[in-house]
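Participant: Just to be clear, the model below is a prediction. Sequence and coordinates:
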Amino acid sequence: MLRSLLSSGLLVNGVARTTSSHSFSLLFNGVARSPGHSLYFSSESSSQSLSKSPDDVEQQNFTTLSIDRSGLHNPTDHSHMPSSDSELVKHLKSLIKFGGGPISVAKYMEEVLTNPNAGFYINRDVFGSGGDFVTSPEVSQMFGEMVGVWTMCLWEQMGQPKKFNLIELGPGRGTLLADLLRGTSKFQKFTKSLRLHLVECSPTLQKLQQSTLKCMDEDVAGCNDGKRTVSALSGAPVSWHVDLEQVPLGLPSIIIAHEFYDALPVHQFQKTPRGWCEKLIDVEEEESTAGFRFVLSPQPTTASVLHLVKRCKWAPKEELANLEHIEVCPKAMELTHAMAKRIGSDGGGALIIDYGHNRIISDSLQAIRKHKFVNILDGPGTADLSAYVDFPLVRHSAEEASENVSVYGPISQSKFLGALGINFRVEALLENCTDEQAESLRTGYWRLVGDGEAPFWEGPFELTPFGMGSRYQAMAIVNKKQGVPISFET
Ligand SMILES: C[S@@+](CC[C@H](N)C(=O)[O-])C[C@H]1O[C@@H](n2cnc3c(N)ncnc32)[C@H](O)[C@@H]1O
């Protein structure tokens, strides 16, 4: 199948997508969502809530106590001052003030990214040069095309089912799926079997995905309201869901998660003389400055008892010995569990591509606004938050959920794309393109599979393309009946 896809020239029929290589090289210099550093603050949690003010105490005990007021001062009255807090900042503050004190980093991350009213992803397009960051499908059409080759090969290994769910988690602008559908459109048996399911929490991005996939309504007898939505790129029916659980079970599934896991909320823990404490987020003491600060939990939290303990059981002792900080992502455990159960019972597989490590993650949470790293606590909702993916956690969660699945990888993105024939694809595209497209193809290729600065670059230094081929990793979870997925053979 791979040979026929690459050598038959069917993939080559698509024209090279035009992208401005200059804008991408600018954007990709160092801030392509893979953490460089993260800002870190910590302090002991000291606040104790007083149920009575000093004045109340004096009122009740005036006959027996004399109060020394020399150390007290009247707090400034800010009630008359206009608040410049955003809706999300107000919401976070009220969660902290009225919901039982400092919140976990995971709760903060969840609210900042996906709060239904004001979360980072909810109301705008955050991708590309006008947005906050660029992802691989936006860099080059070859990325979605290669994922398409992987998908078709797995579908072959599954015995070419007449119907299967192709599920994408967090499709962004829908670019990966559009390139996958264009690249495979000549394989009618495959395209006829597709049932597309997009798992997306952002209504704005759902609309953008509809437009990228050229969706239209079609009359169908037997459907609930007599209509269904199909993509004009392949004729496949498309539906949207806010989480994976909403996608109906019962058909074999291929699940794609590109840069989805890194957006799932992580808990952060810090080693202290009194053991592992959870890092929490509190309102700054001088409340008028509207800021937030990190504090440490005074005692074990639910997350430390449940999730940290579980993650540490999966780690070798020597790995844990030198760690001062640990990040744990329970949502990644839950999601992988659900994926593995589905694949174990219905057949199929999942492909996860993201930045991460094949070890426990220490301290990777980062914030990016307009292509620059910023403080995690600065302007919540106006910057993307993401963390490195803990691939062993994904592996253990999948193996724990179903004995019918096997887990492969992680392998580097360059190895993954190389095994799928991206070098043949770029050569084929270069044969039939303009000079501008050729430059875009070469720099896009380097960004996907290269490592560090492009050695061939002759343009301005500040625009040097930066390769991410070893920073990004690929992992596959497949039903054991399917055998080893392509690219993951040893
Ligand atoms: C970093 S973007 C990646 C987009 C796309 N996969 C790409 O590579 O261009 C994360 C995507 O996941 C979506 N997302 C983030 N958290 C989500 C959640 N909890 N549930 C559903 N979608 C989510 C975002 O709206 C966005 O589409």
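Facilitator: Here it is on my side, so go on. Residues are numbered from 1 along each chain as shown.
Participant: mind checking how far E278 is from P380?
Facilitator: Remark: distance between E278 and P380 (C-beta to C-beta, to the nearest Å) = 19 Å. For the C-beta atoms, the positions are set from N, CA and C on the backbone; glycine is no exception.
Participant: Next up, the contacts around S185.
Facilitator: S185 is in contact with 191, 233-234, counting by C-beta atoms under 8 Å, 6 or more residues apart in numbering.
Participant: Most neighbours of all those residues, which one?
Facilitator: S234 (25 neighbours; other C-beta atoms under 10 Å).
Participant: mind listing what that one touches?
Facilitator: Neighbouring residues of S234 by C-beta under 8 Å, 6+ apart: 181, 184-185, 191, 194.
Participant: Have a look at the chain and report the helix or strand with the lowest mean pLDDT.
Facilitator: In the chain, the helix or strand scored least confidently by mean pLDDT, DSSP states H and E is helix 54-61, which has a mean of 30.
Participant: next structured bit after that helix?
Facilitator: Going down the chain from helix 54-61, the next helix or strand is helix 87-98, by DSSP states H and E.
Participant: Spell out which residues make up each domain of the chain.
Facilitator: Annotated domains of the chain cover 2-6+18-38+125-264+328-482, 86-124+266-325 [automatic domain parsing].
Participant: tell me the most buried of those domains?
Facilitator: domain 2-6+18-38+125-264+328-482 (a mean of 20; mean count of other C-beta atoms under 10 Å).
Participant: Now do that domain, average pLDDT.
Facilitator: Domain 2-6+18-38+125-264+328-482 shows a mean pLDDT of 91.
Participant: Skip the chain neighbours and tell me the closest residue to whatever residue of the stretch 151-300 of the chain ends up closest to the ligand.
Facilitator: With C-beta to the nearest ligand atom, the shortest gap between the stretch 151-300 of the chain and the ligand falls at G170, namely 2.3 Å. Leaving aside its sequence neighbours, G170 sits nearest to F260 (C-beta to C-beta, 6 or more residues apart in numbering; 3.8 Å).
Participant: Then Y121?
Facilitator: Nearest to Y121 is S202, by C-beta to C-beta, 6+ apart, at 4.5 Å.
Participant: try D363
Facilitator: Closest residue to D363 in three dimensions, ignoring its sequence neighbours and counting by C-beta to C-beta, 6+ apart: H325, at 4.0 Å.
Participant: Compute the distance between that neighbour and the ligand, please.
Facilitator: Taking C-beta to the nearest ligand atom, to the nearest Å as the measure, H325 falls 23 Å from the ligand.
Participant: could you point out which element follows the host helix or strand of R293?
Facilitator: Secondary-structure element containing R293, defined by DSSP H and E: strand 292-296. Following strand 292-296 in sequence order, the next helix or strand is helix 302-303 (DSSP H and E).
Participant: List the contacts of that following helix.
Facilitator: Here helix 302-303 makes contact (C-beta under 8 Å, 6+ apart) with 104, 106, 267, 278, 328, 330.
Participant: which residues does the third one contact?
Facilitator: Going by C-beta under 8 Å, 6+ apart, H267 touches 104-106, 278, 303-304, 307-308, 327-330.
Participant: is I281 in a bridge, and if so with what?
Facilitator: Beta bridges link I281 to I103, F294, judged by DSSP bridges.
Participant: wait, isn't it in contact with G291?
Facilitator: No: with contact defined as C-beta atoms under 8 Å, I281 does not reach G291; the gap is 10.5 Å.
Participant: who touches both of those two?
Facilitator: L377.
Participant: For this structure, list the residues in contact with the ligand, please.
Facilitator: 113-114, 121, 135, 137-138, 170-172, 199-202, 205, 258-260, 263 (C-beta under 6 Å from any ligand atom).
Participant: ok, H307 to G409 distance?
Facilitator: Note on H307: its distance to G409, by C-beta to C-beta, is 23 Å.
Participant: wait, I meant G356
Facilitator: 11 Å.
Participant: And for I343?
Facilitator: Distance, I343 to G409, using C-beta to C-beta: 15 Å.
Participant: same check, this time on L463
Facilitator: Plainly put, L463 is 32 Å away from G409 if you go by C-beta to C-beta.
Participant: Kindly report the same for Y445.
Facilitator: Separation of Y445 from G409 (C-beta to C-beta) stands at 22 Å.
Participant: Give me the common contacts of G356 and G409.
Facilitator: Shared contacts of G356 and G409, counting by C-beta under 8 Å, 6+ apart, come down to 391, 473.
Participant: how would you label E168: helix, strand or coil?
Facilitator: Secondary structure for E168, judged by DSSP: H, G, I helix; E, B strand; the rest coil, is strand.
Participant: what's the answer for E218, then?
Facilitator: Per three-state DSSP, the secondary structure class of E218 is strand.
Participant: so what's it bridging to?
Facilitator: E218 forms beta bridges with R228, as assigned by DSSP bridges.
Participant: confidence score at F41?
Facilitator: What the model reports as pLDDT for F41 is 24.
Participant: for the one 3 residues further on, same thing?
Facilitator: pLDDT recorded at E44 is 26.
Participant: now the one 5 residues further on
Facilitator: In this model, S49 is scored at 26, pLDDT.
Participant: Could you point out which of the contacts of S185 is nearest to G348?
Facilitator: Nearest to G348 out of the contacts of S185 is T191 (C-beta to C-beta; 17.0 Å).
Participant: Wait, that closest one touches R182, no?
Facilitator: No: applying C-beta under 8 Å, one finds T191 not in contact with R182, separated by 10.6 Å.
Participant: Can you tell me the closest non-neighbouring residue to E110?
Facilitator: P265 (4.4 Å).
Participant: Mind telling me what element the one you found is part of?
Facilitator: Assigned by DSSP H and E, P265 belongs to no helix or strand.
Participant: For it, grab the count of nearby residues.
Facilitator: Using other C-beta under 10 Å, P265 has 22 other residues around it.
Participant: show me the contacts for it.
Facilitator: Counting by C-beta under 8 Å, 6+ apart, P265 makes contact with 105-110, 113, 329, 331.
Participant: The strand holding R293 - contacts with which helices or strands?
Facilitator: Using 3 or more C-beta pairs under 8 Å, 6 or more residues apart in numbering; DSSP states H and E, the elements in contact with strand 292-296 are strand 275-283.
Participant: now what about the strand it packs on, what contacts it?
Facilitator: So strand 275-283 is contacted by 42, 45, 47, 92-93, 96-97, 101-105, 108, 267-270, 291-298, 300-301, 303-304, 308, 326, 377 (C-beta under 8 Å, 6+ apart).
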